[in-house]
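Student: The sequence isn't on hand, but the structure is:
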């Protein structure tokens, strides 16, 4: 994967990075003139919208991150209001929460989405309860110094002049941001992008002190980024095929409405695809689909690839005549045919023994299993596709006629 390609940078920076940049510019220049009631409205509106969307889309990960952000802000407000950042519960709370919040966000990012069921939420809520009790014990009245566990071997006072984040918290934020950045680049999913940039917004909230108008605005921005990622994710699910990452049928239908002559439309079908499923299983069939889709996504000539059916794909060439599209399609066909597909984790299902063979000795069965395992590692499959292409003709100018 080219980490510096235009598509990679776009998936990393939009929309979360762009929203954070716009919010930082607003907070830096226009926040002093904004009223407290406007900031409060912004804060409560985005958190409420985020909670409602998380419930609507049954996303426990997004809901828990919103809860972590809100409780972190409330705790910092409670312990820091009027206390400043000197020795005492306020300073201890800042140190503890600056470590716990990025760790929690990192855990939620790598957690599997299991909806809003009780088994899915219980471990997360238990973690939240344990951490709340931990912070309350650390910040009890009369405490002036934080335990050594919060320093991670680093100085307890700020060593970085431009941020109020304690040194240990700064290190944890950097580690969490790096891990989330790599995850966002690898997966290219809106939710991962939202989690990454919401963490960055939370860091800026801590950098301003964790409490006050600036911190409140940055915490609200973190929630806004999560809201935007939920909306973007719903769009991706509606217009893109989850298995192959190509645009789906809905996107294909809308692209047809925008076509103007000249154009060419190609239909790509995987040859004997049912045989792959019947012989090697549906998991292998999915791998074949992903492999073919990866080749279609790189078709040249300005073609736009879509998955419109089970093993059927379509390619639209806007502004291209049929005779000019043919070389790109022939090149695509050769690329797919030349790709060797190595079967992983399975073999020809017709050769797998069905049920116990009582007359076969244990050693013989073990030898047979080892033989099948060796054969499994050496199966290479060849995939071919058939392609049809058409363009508007004098007697068939409508897109439906061309298809």
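Tutor: Perfect, thanks for sending it. Predicted model, so just to flag it, every value in this text is computed and none were measured. Residues are numbered from 1 along each chain as shown.

Student: Could I get the contacting residues of the residue nearest to residue 175 when sequence neighbours are not counted?
Tutor: With CB to CB, 6 or more residues apart in numbering as the criterion, residue 175 has its nearest non-adjacent residue at 7.7 Å, and that residue is residue 102. Backbone N, C-alpha and C define where each C-beta goes, glycine included. Contact partners of residue 102, counting by CB atoms under 8 Å, 6 or more residues apart in numbering, are 169, 172-173, 175-177, 199, 202-203.

Student: which two in these are spaced the farthest apart?
Tutor: Taking CB to CB, the two most distant members of these are 175 and 202; they sit 14.3 Å apart.

Student: who's more crowded, those two?
Tutor: Each of residue 175 and residue 202 has its neighbours counted (other CB atoms under 10 Å); residue 202 has more, 30 against 13.

Student: Relative to residue 330, how far out is that one?
Tutor: Per CB to CB, to the nearest Å, residue 202 is found 52 Å from residue 330.

Student: Next: residue 99.
Tutor: For residue 99 relative to residue 330 (CB to CB), the value is 58 Å.

Student: circling back to that earlier point, pLDDT of the helix or strand hosting the residue nearest to residue 175, averaged?
Tutor: Using DSSP states H and E, residue 102 sits within helix 89-110. Confidence over helix 89-110 (mean pLDDT, whole number) is 94.

Student: Mind listing residues that contact the helix or strand that that helix is followed by?
Tutor: Downstream of helix 89-110, the first helix or strand assigned by DSSP H and E is helix 118-138. By CB under 8 Å, 6+ apart, the list of residues contacting helix 118-138 from outside reads 60, 64, 67-68, 71, 75, 92-93, 96-97, 100, 104, 107-108, 111, 114, 146-147, 150.

Student: tilt between helix 118-138 and helix 89-110?
Tutor: Computed by axes from the mean of the first three to the mean of the last three CA atoms, to 10 degrees, the angle separating helix 118-138 from helix 89-110 equals 160 degrees.

Student: Please shift the residue numbers so they start at 23 in all later answers.
Tutor: OK, 23 is where the count begins now, so the last one is helix 140-160.

Student: Next one: the residue nearest to the spatial centre of the chain from residue 199, what distance?
Tutor: Residue closest to the average C-alpha location in the chain (CA atoms, centre = their mean): residue 211, at 2.8 Å. Look at residue 211 and residue 199: by CB to CB, they are 17 Å apart.

Student: ditto for residue 259
Tutor: Relative to residue 199, and taking CB to CB, residue 259 is found at 26 Å.

Student: Likewise for residue 234?
Tutor: Look at residue 234 and residue 199: by CB to CB, they are 23 Å apart.

Student: Compare neighbour counts for those two and give me the winner.
Tutor: When neighbours are counted by other CB under 10 Å, residue 199 comes out ahead of the other of residue 234 and residue 199, with 18 against 14.

Student: what number of residues lie near residue 58?
Tutor: Neighbours around residue 58, by other CB under 10 Å: 9.

Student: That one touches residue 235, doesn't it?
Tutor: Yes - using CB atoms under 8 Å, residue 58 is in contact with residue 235, at 6.8 Å.

Student: how much space is there between the residue nearest to residue 197 and residue 78?
Tutor: Residue 124 is 27 Å from residue 78, by CB to CB.
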